[in-house]
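Novice: Got a predicted structure here, sequence first:
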Amino acid sequence: MRKFKRKRWADLHVVVLESSGLTPADLAANSIETFKSDDKSVVDHFLLVEGESVNEASALVFSMSQTAEANEQRRRQHIIDSPISEARVQRFKEDYLKGRQDIGATEKIFRHYGAFQQQNERNNRASFGFNTLVHKGSFVDGSNWLDLKGWEFAVAEERHLLKNLHAHLAGSSSHTGQVLSGSIARQPDGILDAAKMMDNLLGTPAKSLIVLATHFDVDTIVSLKKALTTPGWELEDDLRTNWILGKHGDRPVLYINDPDLCHLYVVDLPRLASLVQYAPLVDLQVLTINEAAAKRMLEDNPNLKLDVNTLLSMVHIILYQSYEIQIHDQNAVWVAKFLA
């Protein structure tokens with residue numbers, strides 16, 4: 001096609017496509033779609049040779065596109081008309097809870113120190129989570145959509161909990177003024193020496209929680225893991241998760257990766273706080289959207305860049321969990337600042 005690109009070399013430009021056993025007619029005809037629009041503009045005819053017959057390939061392409069569009073419309077309508085599959089909702093819930101179990105650093109840490117509690121009562125003030133729209137196809141049997149996975153939801157919930165934990169650490173150390181003088185270097189020896197010093201100031205030698213609230217480059221993380229007495233991959237299951245780098249002695253090392261933060265905390269966790277989880281374990285609703293609800297949503301949210309038909313093919317997911325960090329003694333935290 002380079003020869004014909006954007007210029008005419010003859011009165012008539014024809015591209016001949018030949019089908020075979022290895023390249024059926026529909027596949028040969030579809031190759032037209034790979035041509036750039038500039039290239040197509042200088043071609044007068046795309047001919048398809050199939051056995052002894054020669055036809056305009058565009059006719060077959062048009063017929064195929066019409067069939068594909070009709071099939072897609074049927075799939076869309078099936079999703080809109082079908083009820084939500086309770087089995088798919090249950091699979092999403094189970095996948096989310098598995099993700100929370102695997103990724104839940106905050107809960108793992110509090111459990112490790114015996115500072116985790118579960119309450120059978122509700123506490124709506126401690127609830128947080130998602131109120132969002134997703135495609136309905138993931139919750140419809142017979143659709144061509146895979147099940148919606150809960151991992152990203154679980155990770156986002158954990159980030160919220162870690163942010164909450166850091167806010168309490170920062171607030172407690174600011175309130176008490178328990179700040180180590182000077183700044184510490186961003187290298188393993190400096191970090192572990194400062195942690196040991198603050199551990200002694202707390203009066204809990206070798207038993208506190210080390211929290212790194214900052215961002216380290218990959219080389220620093222690798223060096224730090226090597227310096228720990230127990231790297232993350234050797235941790236017992238009850239502490240193994242992405243946010244826990246390992247243990248140094250009996251002290252877990254929690255890494256809150258945030259470029260806007262630059263602090264090292266050492267915490268006597270059971271003295272500082274308890275993590276309380278309220279019922280239910282997870283509050284999940286997956287709700288369909290009818291035409292009246294879709295119109296109302298558009299009226300209430302004029303900036304929503306969706307139309308009624310699109311909203312009909314979506315569901316409203318409400319997913320909440322309820323956790324509360326109850327502070328007991330703010331003196332159970334010391335903090336040091338990293339060098340920039």
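Specialist: Arrived safely, thanks for sending.
Novice: any weak-confidence spans in the stretch 101-250 of the chain?
Specialist: For the stretch 101-250 of the chain, applying pLDDT under 70 flags the ranges 206.
Novice: So which residues of it form helices?
Specialist: For the stretch 101-250 of the chain, the helices defined by DSSP state H, counting those that start in this stretch occupy 105-112, 151-176, 188-202, 218-227.
Novice: Can you name every helix or strand that the last one contacts?
Specialist: When contacts are defined as 3 or more CB pairs under 8 Å, 6 or more residues apart in numbering; DSSP states H and E, helix 218-227 sits against helix 188-202, strand 244-248. Just so you know, the C-beta spots here come from the backbone N, C-alpha and C atoms, and that holds for glycine as well.
Novice: if we can go back for a sec, mind putting the helices of the stretch 101-250 of the chain into JSON lines with distance to residue 51 and mean neighbour count?
Specialist: Below are these laid out as JSON lines (distance: least, CB to CB, whole Å; neighbours: other CB atoms under 10 Å):
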{"stretch": "helix 105-112", "distance to residue 51": "65", "mean neighbour count": "21"}
{"stretch": "helix 151-176", "distance to residue 51": "51", "mean neighbour count": "18"}
{"stretch": "helix 188-202", "distance to residue 51": "73", "mean neighbour count": "18"}
{"stretch": "helix 218-227", "distance to residue 51": "60", "mean neighbour count": "14"}
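Novice: between those, which one is nearest to residue 237?
Specialist: Closest approach to residue 237 among those (CB to CB): helix 105-112, 9.3 Å.
Novice: Let me know the angle separating that closest one from helix 151-176.
Specialist: 60 degrees (axes from the mean of the first three to the mean of the last three CA atoms, to 10 degrees).
Novice: Can you get me the centre-to-centre distance for helix 105-112 and its chain?
Specialist: 21 Å (CA atoms, centre = their mean, to the nearest Å).
Novice: Check stretch 77-93 too.
Specialist: For stretch 77-93, the distance to the chain centre is 21 Å (CA atoms, centre = their mean).
Novice: May I see the buried residues of it?
Specialist: Across stretch 77-93, burial judged by 16 or more other CB atoms under 10 Å covers 79, 80, 82, 84, 85, 88, 89, 91, 92, 93.
Novice: middle-most residue in this protein, spatially?
Specialist: Nearest to the mean C-alpha position of the chain, by CA atoms, centre = their mean, lies residue 152 at 2.7 Å.
Novice: can you list the helices of the stretch 101-250 of the chain in JSON lines and add distance to residue 98?
Specialist: Below are those laid out as JSON lines (distance: least, CB to CB, whole Å):
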{"stretch": "helix 105-112", "distance to residue 98": "14"}
{"stretch": "helix 151-176", "distance to residue 98": "8"}
{"stretch": "helix 188-202", "distance to residue 98": "33"}
{"stretch": "helix 218-227", "distance to residue 98": "26"}
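Novice: Select, out of those, the one closest to residue 313.
Specialist: Per CB to CB, nearest to residue 313 of the helices of the stretch 101-250 of the chain: helix 151-176, 20.5 Å.
Novice: for the closest one, packing partners?
Specialist: Secondary elements touching helix 151-176 (3+ CB pairs under 8 Å, 6+ apart): helix 86-103, helix 105-112, strand 127-135, strand 209-214, strand 251-257, strand 263-267, strand 314-327, strand 333-338.
Novice: try 6 Å
Specialist: helix 86-103, helix 105-112, strand 333-338 (3 or more CB pairs under 6 Å, 6 or more residues apart in numbering; DSSP states H and E).
Novice: And that helix, how far out from the chain middle?
Specialist: Its chain's C-alpha centre and that of helix 151-176 lie 17 Å apart, by CA atoms, centre = their mean.
Novice: domain ranges for the protein?
Specialist: 14-81, 86-338 (automatic domain parsing).
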